[in-house]
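Visitor: here are the coordinates; sequence isn't available:
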């Protein structure tokens, strides 16, 4: 059945989110882990941090090491020693002020993001809103 028949469908909502100059904090342990991970590839690769729709609270963090983007106009580039962190302009209002940390534990280590902009977080700490 089509739209007029009652089944309908939903359209994505387009939001014009503000682009703000992003500022983040990287702890010594997070910087050390990034240096270890990117060893000898600091000039060609970077860490990209973004916020994707999803999770039980609205957004999930996405972090990936990738080749430096060819088109830098969509990103803000933050430099920590020789490590470049890229934050997408459209996520700047969600990620401004975050603290990136790295914790090592018996069960394995991992990066942790503390976000002062999050009004709520899920129990597992992977999503925020």
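Guide: Looks like it arrived, so ask away. As the structure is a prediction and not an experimental result, all values here were calculated from the model.
Visitor: quick one: the helices in the protein?
Guide: Along the chain, counting by DSSP state H, helices occupy 28-37, 92-95.
Visitor: With residue 61 as the reference, name the closest of those.
Guide: Smallest distance to residue 61 across the helices of the chain (C-beta to C-beta): 8.5 Å, for helix 92-95. Heads up, the C-betas are built off the backbone N, CA and C, glycines and all.
Visitor: do you know how far residue 45 is from residue 38?
Guide: 6 Å (C-beta to C-beta, to the nearest Å).
Visitor: What is the least confident helix or strand in this structure?
Guide: When the helices and strands of the chain are scored by mean pLDDT, DSSP states H and E, strand 127-128 comes last with a mean of 52.
Visitor: Just name the most buried of the helices of the chain.
Guide: Mean neighbour count (mean count of other C-beta atoms under 10 Å) peaks for helix 92-95 among these, with a mean of 20.
Visitor: okay, and for this structure, where does confidence drop off?
Guide: When residues are selected by pLDDT under 70, those of the chain lie in 1-15, 55-57, 119-129.
Visitor: any residues in contact with both of residue 45 and residue 38?
Guide: Common neighbours of residue 45 and residue 38, counting by C-beta atoms under 8 Å, 6 or more residues apart in numbering, are residue 65.
Visitor: picking that back up, distance to residue 105 for the helices of the chain - can I get that in JSON lines?
Guide: Output for the helices of the chain, formatted as JSON lines (distance: least, C-beta to C-beta, whole Å):
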{"stretch": "helix 28-37", "distance to residue 105": "12"}
{"stretch": "helix 92-95", "distance to residue 105": "25"}
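Visitor: how about those, which one is nearest residue 104?
Guide: helix 28-37 (7.6 Å).
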